[in-house]
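K.L.:
Provide a 3D model corresponding to the input given below.
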Amino acid sequence: MIKIAIVEDETVYIEQLTEYLEEYQRNEGEDFKITIFRDGDGITANYKAGFDIILMDIQMKFVDGMAAAEEIRAVDSEVIIMFITNMTQYAIRGYEVDALDYILKPVSYFAFSQKLKRAIERINRRNDIYITLQVKGGILQLMASEIYYVESKGHNLIWNARKGIYQIPGTIKFAAELLSEAAFFRGNHCYLINLEHVEGVQDKCAVVKGERLQISRSKMKQFMQALTDYWGMG
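P.N.:
Here you go, the predicted model:
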């Protein structure tokens, strides 16, 4: 069962999203448990991790969706947040709270179902891989899904992750072997990129958490294919 929260203050959209979720269950054979909140403060009050997906309106009367998402993200790094908005400039801020996607109003079933499918595919991939790194003064365990990218500098690897940035001796080949079962792509001789956190591609660079990571010319076609496959567009 997939647990989904709808956070929306307009009845018409609550009803529409609920209908779309019910239709998706019928069409795809999924099993959803749907919980409705009519404002951001409803879901953030005494929030405990438990939802798989949150469909969050951005503009609400009391606590807006962005503020609610920030509170949720502070205690739950795993839940998938998808924003619902009629203002694209708000949606662009979604990377600040690691939002998976945004859905523009008015919402069509086709667009909604494609984005929901992507979210469910991410949930299904969540049997995460843990890796252990030798760091100064001890050891560190990281989930592969929480690693944004690995950068090679000289004889060191810089691991950029949700928990922080860690520099340890090693080669990019070593990192690629550790992460071989996760959705990482070697963009060039310096970067190993987690496809889960790629926000887009711009000027021959993968955009990850607002940073541009160069993709070599020889790898670009292969990278784009891997990314579209990961996004469920291939």
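K.L.:
the residue lying closest to Thr132 once chain neighbours are set aside: neighbour count?
P.N.:
Once flanking residues are discounted, Thr132 sits nearest to Gln141: 5.2 Å by CB to CB, 6 or more residues apart in numbering. To be clear about C-beta, it is placed using only N, CA and C from the backbone, and glycine gets the same treatment. Residues near Gln141, counting by other CB atoms under 10 Å, number 9.
K.L.:
wait, is Gln141 part of a strand?
P.N.:
Yes - assessed by DSSP: H, G, I helix; E, B strand; the rest coil, Gln141 belongs to a strand.
K.L.:
thought Tyr130 was touching it, still the case?
P.N.:
Yes - the criterion here is CB atoms under 8 Å, and Gln141 meets it with Tyr130 at 5.7 Å.
K.L.:
grab the longest helix from this structure for me.
P.N.:
As assigned by DSSP state H, the longest helix anywhere in the chain is helix 11-28.
K.L.:
returning to that earlier point: relative to Ile193, how far out is the residue nearest to Thr132?
P.N.:
21 Å (CB to CB, to the nearest Å).
K.L.:
after the helix or strand of the chain with the lowest mean pLDDT comes which helix or strand?
P.N.:
In the chain, the helix or strand scored least confidently by mean pLDDT, DSSP states H and E is helix 88-91, which has a mean of 60. As assigned by DSSP states H and E, the chain's next helix or strand after helix 88-91 is strand 101-104.
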